[in-house]
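In: everything below, folded, please.
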Amino acid sequence: MYLFSDWLSADQLLMWVSVTALSSSCWEPRRGLRLRVPVLPVSPPVNGSPVVPVPVMRKRNNSEDSGTLLEGNPALKQRPGGAAGPAAAKSQGPGGERSMGKPFSRLGAGGKMKRMILWLLVVYVSIPFIVKLCPSIQAKLVFLNFVRMPFFLDLKRPLDQGLNHTHNFYLEPEAGQKIGVWHTVPAQMWKEAQGKQGDWYDSTFSSTHTVILYLHGNAGTRGGDHRVQLYKVLSSLGFHVVTFDYRGWGDSDGSPSEGGMTADALFVYDWLKRRLDVKTPVYIWGHSLGTGVATNLVRRLSDRGSPPHAVILESPFTNIREEAKSHPFSKVYRYLPGFDWFFLDAITANDIRFASDENVMHISCPVLILHAEDDPVVPFHLGTKLYEAASQSQKLRGHKVQMVPFPSALGYKHKFIYRSPELPNILRDFFGPASRQVH
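Out: Numbering: from 1, shown residues only. So this is what the prediction gives:
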């Protein structure tokens, strides 16, 4: 403006400022007129008359910058540095147009780390409130019935799991609701079982072989690998093995609940008893969450005066609240103020208790507890605590109560006790005549 005021009169300078302002307002991409005002170098007056740049007004075309003064006069075209020439390009710095296109610089490693920590903090704080507001989420985490492993397993074909002496069938604990069941006969009947159908398998219950009703834990199905391996071990020892998927698991109908799981177990047990000789022993074997179902079932049977011959609890816990608090998933929240209110009360709100420590005070049959010291899912101390409670039960006086620990060096963890070469001897000793001796 200082140079313009030296070369132009006041009226000409006022006209230039007005035209420049008008050109700025007309630069928006609208239909109609568009004003292009090239920045021209101003020369000193010639013969006393100043040279004033004259703006050119043209109608806008669809094609970008077509028909403008700059195109008509190559000498007036802007140089790559921009309207202000090389000086303006230098003023932009090394970044040039790139810095103008990205006004915010990228986050460095420290910035990314801070952002990640912030997001993790938000998630960490949000989860307790989500669980509290939606208790059904906690129920799903307890049951994990939506987790199916191995994937794509056809439960109608136990043969695919190497069980070629196993029959798949379905029962209806309630009208219109079926549950999937497997019956594995003793290994001695393996050859005879080839090609046989359901009627033949039913007839084998009339034999003198003992029956084990197996209640599996959460996640997976009756076709889980570690479960199948246990069926094979028990079958080789001469047991019938009957197992099933609770409602909501595997190919069984319905949705899971503690009451529903216990009702299904009771139904299958009664179904078995109707097919067995009165003298044929029936043992109930529960694993992990299935130990809670097992003690629920045995308590009901004891209350009605018809307890099973024995119950085996593999990797058991005392009650679901103590198990949830000891579970590895809860480590990140265990010392959070209000942990019980956020998480454990949400479990209780779903009517989930699995109070085995209470149930053992009401059952009246021999109890065998198997637990690995290196169990990462159900800590060993919970199995020990349950054993101590059972040992003090008045109802269990006159019945054998035994706990067999498996050292950490063996590496059996939560679900590999079936690998123990001592397991057959442990079971024979427990199921022998001494199973009803006073402890």
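
In: from here on, just use CA atoms for contacts and neighbour counts.
Out: Noted.

In: three-state assignment of the spatially most central residue of the chain?
Out: Per Cα atoms, centre = their mean, the C-alpha nearest to the average position across the chain is that of L141, at 7.4 Å. Three-state assignment for L141 (DSSP: H, G, I helix; E, B strand; the rest coil): helix.

In: look up how far A219 lies from it.
Out: Applying Cα to Cα, to the nearest Å, the value for L141 to A219 is 9 Å.

In: do the same with D345
Out: 22 Å.

In: next: M261.
Out: For M261, the distance to A219 - Cα to Cα - is 14 Å.

In: show me where the stretch 51-200 of the chain has its helices.
Out: Assigned by DSSP state H, counting those that start in this stretch, the helices in the stretch 51-200 of the chain fall at 69-72, 86-91, 97-101, 109-133, 135-143, 190-193, 198-203.

In: among these, which is nearest G286?
Out: G286 sits nearest to helix 135-143 of all the helices of the stretch 51-200 of the chain, at 14.9 Å, using Cα to Cα.

In: all strands for the stretch 251-400 of the chain, in order.
Out: 282-287, 310-314, 367-372 (DSSP state E, counting those that start in this stretch).

In: distance to S330 and mean neighbour count for those - can I get that in CSV?
Out: Formatted as CSV, those follow (distance: least, Cα to Cα, whole Å; neighbours: other Cα atoms under 10 Å):
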stretch, distance to S330, mean neighbour count
strand 282-287, 21, 24
strand 310-314, 22, 25
strand 367-372, 21, 24
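
In: closest to L171 out of those strands?
Out: Closest of the strands of the stretch 251-400 of the chain to L171 is strand 282-287, at 18.6 Å (criterion: Cα to Cα).

In: give me the contact list for the closest one.
Out: 210-217, 291-294, 308-316 (Cα atoms under 8 Å, 6 or more residues apart in numbering).

In: buried ones among these?
Out: By neighbour count, with 16 or more other Cα atoms under 10 Å, those hold 210-217, 291-294, 308-316 as buried.

In: tabulate the strands of the stretch 251-400 of the chain (TSV), appending mean pLDDT.
Out: Shown next, in TSV, are the strands of the stretch 251-400 of the chain (pLDDT from 0 to 100):
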stretch	mean pLDDT
strand 282-287	98
strand 310-314	98
strand 367-372	98
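
In: what's the distance between N359 and N425?
Out: With distances taken as Cα to Cα, N359 is found 28 Å from N425.

In: those two: who's more crowded?
Out: Each of N359 and N425 has its neighbours counted (other Cα atoms under 10 Å); N359 has more, 22 against 10.
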